[in-house]
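Participant: Whatever this is, show me its structure:
(2 chains)
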Amino acid sequence: DSGVTQTPKHLITATGQRVTLRCSPRSGDLSVYWYQQSLDQGLQFLIQYYNGEERAKGNILERFSAQQFPDLHSELNLSSLELGDSALYFCASSSRPDNEQFFGPGTRLTVL
Amino acid sequence: SQELEQSPQSLIVQEGKNLTINCTSSKTLYGLYWYKQKYGEGLIFLMMLQKGGEEKSHEKITAKLDEKKQQSSLHITASQPSHAGIYLCGADGTGTASKLTFGTGTRLQVTL
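Facilitator: Have a look, this model is predicted:
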């Protein structure tokens, strides 16, 4: 158990819908990262927050957005969902931006 | 952008045998991270290497980063069924450890 929690574990929705994935980092960790893992793209970095501020951005679509709240939990919002958005979405956290990242168990999103 | 190539893509070894997984970067690495993933589950942090020539060991797993910091190897001694899973290398190409780029993974099966 890494100490990073993600909810929900599974999510099934339809195309065009919007969903919110939630992540609670390890106690004391200020950095939160979001990744998408799919069969064809592998594990891709989406975005990082550090203490509430966006720090780094990867291949995140405009339909996706994230934020980190004052209590340090983070949410990833996915809108206008497409079939291709079906994937495992991981959250990771670290104590400092240059430290190793600890991953949560992931949320499996299925878009039908 | 940085690319990571892992080899082999998959590996089947008999219990008790040694094995090596390689990770080669297209650019100089500021840091190299090894993770293990059980299918469909979260990533488990194994080791982080930052200095050229660095070598770290944990239980029966040893990871090395070459002097030029463009290649890393993960060596498992006397493999056990518990070592089975997908091994991923992640690279920090910016020095900030924010945008980790991951390899496509090596799937390891350990037979009895």
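Participant: now A:Thr110: how far from A:Glu82?
Facilitator: Separation of A:Thr110 from A:Glu82 (Cβ to Cβ, to the nearest Å): 12 Å. To be clear about C-beta, it is placed using only N, CA and C from the backbone, and glycine gets the same treatment.
Participant: tell me, what residue is most central in chain A?
Facilitator: With distances taken as Cα atoms, centre = their mean, A:Trp34 lies nearest the centre of chain A, 3.4 Å away.
Participant: Now tell me what touches the helix or strand of chain B with the lowest mean pLDDT from outside.
Facilitator: Every helix and strand in chain B was compared by mean pLDDT, DSSP states H and E; the lowest is strand B:100-102, with a mean of 88. Contact with strand B:100-102 is made by A:33, A:42-45, A:101, B:1-4, B:33, B:88-93, as judged by Cβ atoms under 8 Å, 6 or more residues apart in numbering or on different chains.
Participant: rewinding a little: host element of the residue nearest to the centre of chain A?
Facilitator: Under the criterion of DSSP states H and E, A:Trp34 resides in strand A:31-38.
Participant: Against which helices or strands is the helix or strand following that strand packed?
Facilitator: Later in the chain than strand A:31-38, the nearest helix or strand by DSSP H and E is strand A:42-50. On a contact count with 3 or more Cβ pairs under 8 Å, 6 or more residues apart in numbering or on different chains; DSSP states H and E, strand A:42-50 meets strand A:31-38, strand A:53-57, strand A:64-68, strand A:74-78, strand B:100-102.
Participant: what's the nearest residue to B:Thr94 if we skip its chain neighbours?
Facilitator: B:Tyr30 (6.7 Å; Cβ to Cβ, 6 or more residues apart in numbering or on different chains).
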